[in-house]
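Student: Predicted model follows, preceded by the sequence.
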Amino acid sequence: MASTEVASDSNLAVVIMAAGKGTRLKSRRPKVLHEIGGKPLLAHVIAAAGQLVPPSSIYAIVGHQAEAVRAAVASTGINFVEQTVQRGTGHAVQSASQAIAGYQNILVLSGDAPLIQSHTLSALFAFHQAQHAALTLTSAEPAQPTGYGRVLHPAPGSVEVVGIVAQNMLAPGQLSLREVNMGLYAFRTAPLLAHLDSLNAANPLGELYLTDMAHVLNAAGERVVSFIAPDPDELLGANTIAEMMALDAALRLATARRLMAAGVTILRPETCVIDAEVEVAPDTVIEPFVQLLGSTRLGSASRIRSYSVIENCTLGNDVLIRQSCVLSDSSVADGARIGPFAHLRPGCEIGPDVHIGNFVETKKAKLRRGVKAGHLAYLGDAEIGENTNIGAGVITCNYDGLHKNKTHIGRDAFIGSDSTLVAPVTVGDGAYVGAGSCLTKEVPAGSLSVARAHQIHNAGWAEARRSRRQTPPNP
Ligand code: UD1
Ligand code: CA
């Protein structure tokens, strides 16, 4: 991602606090790894920071389940600082003292505020520099300020700040304060490090609050100011599952709006779950209760009917996915029709104009142009040539208990209903396989193969049986 110019490398680092346990979530997963919009909270914050500074200037403070958190975002190339015990946000920044010492300024972000946008970070930093402040905090006046720290000014309307009071420390006269601390800060590093050790734990939780730096710096004669958040919704945190799902809905609705603005029809967008990176070409219709996940790309003039879940798939143009299909890590070419109730497991390449009907499962299957598998089939580790017809109930027996084996079926072939193909096995071009066959040997091109028990006729058997039944039992 391109970094927008901030200044020289040593001018600015971004510190993301991500060590907390997230007690209010009541979850075993660390808070910053909970996902919204299909991505962990922390990954959203890193993406915003990454547009401002290079990854080498981003430091995530990790602690609770540090290894899991590192592993989840290691590919971004950022740095990690360990906060082994979580003694509060002030203590978190203390843990990063060494890492930040070489930078003139730092931005401190929370790993649990995932809607933050990079232009807000640059606006905050520009304001901080213009104000020559030691600390610039970001504030807003939300309709519901309960739970947030409140910002104290020396006089109404002043940009200067004398302190931040935590919700549980509010004096009765302060309960009406509406301006809240949104948890996003710019610090000049030298005064921060000079006074960071003055924090104390004299509060109900016995923690070191980073917010107390407002008072500490102000009392030391340093300039502390507030920056009004341009869009306060961006700074919304995710302390509970309910809050997180509200953010998830907001993010996904924004994705749906982006797609609709680009010519996609989404019926009842609020019922669809669409990940941020999904792309859809114009004139495609997405019905209610569809999920489009991961790196999924859909072509134009297609229709995805309700209850289908499509993850990491590429679909062409004029594709019809009928109701309740599950498609993963596969591609579907132009004009294909799939479902209802079809399951494309990873590694499938579905060719143009292929028809896959109800209750068909495919896995690592390559179906060339015009193949039809209309009903009740399992096609795994299989390659099927153009225009071949797969009858109802056909099964490729790809697993022998030890290995996966391949089935090759040529073009223009006809596999009769309820046939089992015991792989490895090959059916040549244009061959016919009689219904109910169990194939264990190659079927040569152009031949008819029937591999089933012979049908017998026992004349008069039914009549004889009926008359036996009518004979009264012996007394
Ligand atoms: C914090 C602010 C509050 C502000 C609110 C905005 C403090 C004391 N309070 O409260 O004024 O209104 O954000 O959302 O800062 N973390 C660590 N190590 C710790 C503790 C926390 O890394 O020891 C991390 C958490 O993982 C989280 C972030 O710091 O990502 C914020 O912590 P959290 O407990 O959510 O603070 P809030 O109660 O939201
Ligand atoms: Ca929080």
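Tutor: On my side now, so go ahead. Numbering: from 1, shown residues only. Ligands and ions are numbered 1, 2, ... in the order given.
Student: Spell out which residues of the stretch 351-475 of the chain are next to ligand 2.
Tutor: Contact residues, the stretch 351-475 of the chain versus ligand 2 (C-beta under 5 Å from the ion): none. Bear in mind the C-beta positions are built from the backbone N, C-alpha and C, glycine included.
Student: sorry, that was for the stretch 201-350 of the chain
Tutor: Neighbours of ligand 2 within the stretch 201-350 of the chain, by C-beta under 5 Å from the ion: 237, 239.
Student: now the helices: where do they sit in the stretch 201-350 of the chain?
Tutor: 213-219, 241-261 (DSSP state H, counting those that start in this stretch).
Student: can I get those in a markdown table with mean neighbour count and mean pLDDT?
Tutor: Shown next, in a markdown table, are the helices of the stretch 201-350 of the chain (neighbours: other C-beta atoms under 10 Å; pLDDT from 0 to 100):
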| stretch | mean neighbour count | mean pLDDT |
| --- | --- | --- |
| helix 213-219 | 22 | 98 |
| helix 241-261 | 16 | 93 |
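Student: so when I look at Q94, I'm seeing a helix, right?
Tutor: Yes: assessed with DSSP: H, G, I helix; E, B strand; the rest coil, Q94 lies in a helix.
Student: pretty sure it is touching H195, no?
Tutor: No: using C-beta atoms under 8 Å, Q94 is not in contact with H195, being 11.2 Å away.
Student: As TSV, the helices of the stretch 201-350 of the chain with distance to M169 would be great.
Tutor: Output for the helices of the stretch 201-350 of the chain, formatted as TSV (distance: least, C-beta to C-beta, whole Å):
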stretch	distance to M169
helix 213-219	11
helix 241-261	22
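Student: CSV for these, including distance to ligand 1?
Tutor: CSV is the format used below for those (distance: least, C-beta to the nearest ligand atom, whole Å):
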stretch, distance to ligand 1
helix 213-219, 10
helix 241-261, 10
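Student: Quick check: G20 vs S139, distance?
Tutor: 22 Å (C-beta to C-beta, to the nearest Å).
Student: quick one, which of the two is more surrounded?
Tutor: Taking neighbours as other C-beta atoms under 10 Å, G20 and S139 compare with S139 leading, 25 against 22.
Student: Excluding covalently adjacent residues, which one is nearest to the more buried one?
Tutor: Of all residues not flanking S139 in the chain, S226 sits nearest, at 4.5 Å (C-beta to C-beta, 6 or more residues apart in numbering).
Student: who's in contact with that neighbour?
Tutor: 136-139, 151, 153, 159, 161, 179 (C-beta atoms under 8 Å, 6 or more residues apart in numbering).
Student: one more time with 10 Å
Tutor: By C-beta atoms under 10 Å, 6 or more residues apart in numbering, the residues touching S226 are 127, 131, 133, 135-140, 151-153, 158-161, 164, 179, 181-182, 214.
Student: Inside strands: which ones of those?
Tutor: Counting by DSSP state E, the part of the contacts of S226 found in strands is 135-140, 151-152, 164, 181-182.
Student: in the stretch 51-200 of the chain, what residue is nearest ligand 1?
Tutor: At 2.4 Å from ligand 1, G149 is the closest residue in the stretch 51-200 of the chain, using C-beta to the nearest ligand atom.
Student: Return the distance of that residue relative to N168.
Tutor: Distance from G149 to N168, by C-beta to C-beta: 10 Å.
Student: cool, and L448?
Tutor: 82 Å.
Student: Against D212, how distant is the closest residue to D429 other than its chain neighbours?
Tutor: Leaving aside its sequence neighbours, D429 sits nearest to G410 (C-beta to C-beta, 6+ apart; 3.5 Å). For G410, the distance to D212 equals 76 Å [C-beta to C-beta].
Student: picking up where we left off before, out of the ones in strands among the contacts of S226, who has the most neighbours?
Tutor: Greatest neighbour count in the ones in strands among the contacts of S226, by other C-beta under 10 Å, goes to T138: 29 neighbours.
Student: Return the residues of this structure in contact with ligand 1.
Tutor: Counting by C-beta under 6 Å from any ligand atom, the chain comes close to ligand 1 at 17-20, 31, 61, 63, 83, 86-89, 91-92, 110-112, 148-149, 164, 166, 180-183, 209-211, 237, 239.
Student: okay, G149 and N168: which has more neighbours?
Tutor: Between G149 and N168, counted using other C-beta under 10 Å, the more crowded position is G149 (27 against 10).
Student: With neighbour numbers in mind, choose between G410 and D212.
Tutor: D212 (24 against 20).
Student: surely the more buried one meets T89?
Tutor: Yes: under the criterion of C-beta atoms under 10 Å, D212 makes contact with T89 at 9.4 Å.
Student: Pull up the overlap in contacts between the two.
Tutor: Residues touching both D212 and T89 (C-beta under 10 Å, 6+ apart) are L199.
Student: thinking again about what came up before, now the buried members of the residues of the chain next to ligand 1.
Tutor: 17-20, 31, 61, 63, 83, 86-89, 91-92, 110-112, 148-149, 164, 166, 180-183, 209-211, 237, 239 (16 or more other C-beta atoms under 10 Å).
Student: neighbours of the residue lying closest to Q51 once chain neighbours are set aside, just the number please.
Tutor: Leaving out its chain neighbours, the residue that sits closest to Q51 by C-beta to C-beta, 6+ apart is S118, at 3.6 Å. As a burial measure, S118 scores 17 neighbours (other C-beta under 10 Å).
Student: cool, and the one 5 residues further on?
Tutor: In terms of burial, A123 registers 15 neighbours under the definition other C-beta under 10 Å.
Student: List the residues that contact it.
Tutor: Each residue near A123 by C-beta under 10 Å, 6+ apart is listed here: 117, 138, 227, 229-230.
Student: could you redo the last one with a cut-off of 6 Å?
Tutor: For A123, the contact set (C-beta atoms under 6 Å, 6 or more residues apart in numbering) is empty.
Student: And for S110?
Tutor: 17, 183.
Student: Now do the end-to-end distance for stretch 52-68.
Tutor: End-to-end span of stretch 52-68 (C-alpha to C-alpha, to the nearest Å): 26 Å.
Student: quick one: that stretch to chain centroid distance?
Tutor: Put simply, stretch 52-68 sits 20 Å off its chain's centre (C-alpha atoms, centre = their mean, to the nearest Å).
Student: try stretch 242-253
Tutor: Distance, centroid of stretch 242-253 to centroid of chain: 13 Å (C-alpha atoms, centre = their mean).
Student: got the contact list for it?
Tutor: The contact list for stretch 242-253 (C-beta under 6 Å, 6+ apart) reads 34, 36-37, 238, 274.
Student: dump the residue contacts of the residue of the stretch 351-475 of the chain found nearest ligand 1.
Tutor: For the stretch 351-475 of the chain, the residue closest to ligand 1 is K363, as judged by C-beta to the nearest ligand atom, at 40.2 Å. Contact analysis of K363 by C-beta under 6 Å, 6+ apart lists 345, 380.
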